[in-house]
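Visitor: Take this sequence and fold it.
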Amino acid sequence: MKKLKDRWGIDSNWQLFIIFLVFAITGSSAAKLASPVCELVGITQQNSHWSIYWTFRILLIFPIYQVLLVSFGWIFGQFEFFWAFEKKMLSRLGLAKIFKF
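Guide: Model (predicted):
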């Protein structure tokens with residue numbers, strides 16, 4: 001845990017716990033929210049080929065996850081950490097130029 005705390009610039013175990021909690025809540029929420037959005041668009045497992053459904057759902061989870069990560073980070077008082085994490089992740093994916101960080 002010390003390596004992770006040093007890498008992320010975290011001082012306390014409590015802050016590390018909050019960050020892990022935000023990651024857990026965000027992942028679960030993004031996966032849960034993707035299903036109703038797929039149904040709203042009209043892509044369901046019953047009326048679509050499985051590859052179309054899962055490809056769309058995974059591509060949908062990504063932006064939902066990004067928004068929720070910063071939102072839950074703000075709610076739990078860790079906005080600065082998650083905003084920096086978000087910018088770093090998007091720049092590694094080559095999307096920083098699109099969002100102009």
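Visitor: quick one: buried residues of the longest helix belonging to the chain?
Guide: Using DSSP state H to define each element, the chain has its longest helix at helix 13-41. Using 16 or more other C-beta atoms under 10 Å as the test for burial, helix 13-41 gives 15, 18, 19, 22, 23, 26, 29, 30, 33, 34, 38. Heads up, the C-betas are built off the backbone N, CA and C, glycines and all.
Visitor: Would you reformat those as TSV and include distance to residue 77 and pLDDT?
Guide: Below are these laid out as TSV (distance: C-beta to C-beta, whole Å; pLDDT from 0 to 100):
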residue	distance to residue 77	pLDDT
15	9	93
18	7	95
19	11	95
22	10	97
23	15	95
26	15	96
29	18	95
30	20	94
33	23	90
34	27	87
38	32	82
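Visitor: Mind giving me the packing neighbours of the one helix or strand residue 88 maps to?
Guide: Assigned by DSSP states H and E, residue 88 belongs to helix 79-92. Under the contact criterion of 3 or more C-beta pairs under 8 Å, 6 or more residues apart in numbering; DSSP states H and E, helix 79-92 touches helix 50-75, helix 96-99.
Visitor: now, of those helices, which is deepest in the fold?
Guide: Using mean count of other C-beta atoms under 10 Å, the stretch among those with the largest mean neighbour count is helix 50-75, at a mean of 15.
Visitor: Next, the angle from that one to helix 79-92.
Guide: Calculated by axes from the mean of the first three to the mean of the last three C-alpha atoms, to 10 degrees, helix 50-75 forms an angle of 150 degrees with helix 79-92.
Visitor: Same list, the buried residues of helix 13-41, but as CSV with distance to residue 74 please.
Guide: Converted to CSV, these look like this (distance: C-beta to C-beta, whole Å):
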residue, distance to residue 74
15, 15
18, 12
19, 13
22, 10
23, 14
26, 12
29, 14
30, 16
33, 17
34, 21
38, 27
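Visitor: Now do the contacts for residue 64.
Guide: Residues near residue 64 by C-beta atoms under 8 Å, 6 or more residues apart in numbering: 29, 30, 33, 34, 37.
Visitor: Go ahead and confirm the last one touches residue 61.
Guide: Right, the one you point to is residue 37. No - in this structure residue 37 lies outside contact range of residue 61 using C-beta atoms under 8 Å: 9.4 Å.
Visitor: That'll do, ta.
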